[in-house]
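In: prediction below, plus the sequence it came from.
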Amino acid sequence: MMKKYLTSIKLYGCLALMIISSLVPLQAFAYDQGFFAANDILFYNPDDTGCGSTSAGLSSDATLTGSNNPQKAFNYFMSKGLTAIQTVGIMGNIESETAGTFRPDIVQGMTYSDVMKIDGVTGYGLSQWTSLDRQEGLHALAQKNGVKDSDLATQLDYIWQELNGSFSRAMSELKKADNVSDATSAILNFYEMPAERVKNLEVRTTYADQFLAKFGNGAVDNIGCGNSDTTGNTAGQYGWDLTGPHAMTYYSQCDPAWGSEPYGKGKTSICSSGCGITSIAMAVATLTGNSKITPATLAARYGDEYHTDGTSWAVFPVVAQDYGLKEQDMGTTLGGVAAMLERGGLVIGSFNTGAFTTEGHFMVIRAISADGSKFYIADPYNNIHSGPYTADYLYSPGNLVHLWGYYK
């Protein structure tokens, strides 16, 4: 578990700030505040989504199937005889413990390392193992397997070992679960045991629901790793991939290069409230081909005027004009997204509390399926939200509230 602090760290959320003609913002909310406060996570790095392969020579890596860490974990726990609901209950907790990265090398705070600090204080890995006995247990298993502490397969084995050993109560409760909330709660309350359990349950259940929607049929799904088949078409027809010849520029609002940089009048950070300006930076950098345009450069240029507790909607046409692009206010309908993508543009969406966020969020709609029925996302906060999603899902439970198009 991430190290718990009695004094919460107040982080203002990344808000899709609602601006009406008077430019008066509606009430602002915090983005996943409970998770950050309870776990002392300052940032994470979705630039590395776990899509790469793990280290060579692993003792059990050959048994892990899937193209990224969440896929491998899903298939691993399913192979142990758990149901899909029980499996995502574990995974929702892992997603939260690792601050949205699902990386086994994540260290509590701001670093990544293949070597765990065995000190009984510093959280490490998929479950942020903190107590000395559990850290020593993980390290001993890694040594036995001849791998690094950060080995994905070994950490999954260690979770399974603990759930069938000293944390058997968690396994017992998990196997009773026939819905996502109960499955997530079993792991939360009897295995991870964070300080703020009510808020954490809400966040972790949301993550678990997303995993169930993505992997619920047990199929290995490559979406989100920038595969060439994520759109089935080239850019300028149906959108942009995350890697490859038709890749857009992807930025994480919590990238160490700028995540802690101040943003706006309130001087919150880009990581804590910069989803809007990061989404804009992705669109502008992609369409201009200028990699010097980053969340940091846009936050410095527009933050004081167009950000209080969230990014003002009024900034969209201003940025477009300043960088020689065109901007279209697309309202609330997804009907124009296909045309915007076909002309080589990108679409930025504002989402209220729902499937993608516990408060409010901006994301980039980067591609649409060949039949026009599903949409692909570039999420500045958590790249698991890559899609595909139907229009109905984006409206509810996604709670889409507004769209803007950027194009040349």
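Out: Good, I have the coordinates. These numbers were taken from a predicted model, which means no experiment stands behind them. Numbering: from 1, shown residues only.
In: show me where the stretch 201-350 of the chain has its helices.
Out: 270-273, 275-288, 295-306, 315-322, 337-342 (DSSP state H, counting those that start in this stretch).
In: go on, the stretch 1-150 of the chain?
Out: Under DSSP H, counting those that start in this stretch, the stretch 1-150 of the chain gives helices at 33-39, 69-79, 84-97, 132-145.
In: deepest of those, which one?
Out: helix 84-97 (a mean of 27; mean count of other CB atoms under 10 Å). For glycine as for every other residue, the C-beta is placed from the backbone atoms N, C-alpha and C.
In: ok so, going back, highest mean neighbour count out of the helices of the stretch 201-350 of the chain?
Out: Of the helices of the stretch 201-350 of the chain, helix 270-273 is the most buried (mean count of other CB under 10 Å), at a mean of 29.
In: for that helix, name the packing helices and strands.
Out: strand 262-263, helix 295-306 (3 or more CB pairs under 8 Å, 6 or more residues apart in numbering; DSSP states H and E).
In: chain center to it, what's the gap?
Out: A distance of 13 Å separates the centroid of the chain from that of helix 270-273, by CA atoms, centre = their mean, to the nearest Å.
In: do stretch 306-323 as well
Out: 23 Å.
In: how long is that stretch from one end to the other?
Out: Stretch 306-323 has an end-to-end distance of 16 Å (criterion: CA to CA, to the nearest Å).
In: and if you look at stretch 189-208?
Out: 15 Å.
In: and it, how far out from the chain middle?
Out: So, by CA atoms, centre = their mean, the centroid of stretch 189-208 is 16 Å from its chain's centroid.
In: please identify the buried residues of it?
Out: 189-192, 194-197, 199-201, 203-208 (16 or more other CB atoms under 10 Å).
In: buried set for stretch 387-398?
Out: 387, 388, 389, 391, 393, 394, 395, 398.
In: take those and keep only those in strands.
Out: Residues of those located in strands (DSSP state E): residue 389.
In: pLDDT and distance to residue 263 added to the buried residues of stretch 387-398, as CSV?
Out: Shown next, in CSV, are these (pLDDT from 0 to 100; distance: CB to CB, whole Å):
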residue, pLDDT, distance to residue 263
387, 77, 27
388, 83, 31
389, 86, 28
391, 90, 31
393, 88, 30
394, 92, 26
395, 90, 29
398, 84, 25
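In: how about the buried residues of stretch 387-398 in a markdown table, adding distance to residue 122?
Out: Below are the buried residues of stretch 387-398 laid out as a markdown table (distance: CB to CB, whole Å):
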| residue | distance to residue 122 |
| --- | --- |
| 387 | 35 |
| 388 | 38 |
| 389 | 37 |
| 391 | 44 |
| 393 | 38 |
| 394 | 39 |
| 395 | 42 |
| 398 | 36 |
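In: still on that earlier bit, nearest to residue 344, of the helices of the stretch 1-150 of the chain?
Out: Residue 344 lies closest to helix 69-79 among the helices of the stretch 1-150 of the chain, at 30.7 Å (CB to CB).
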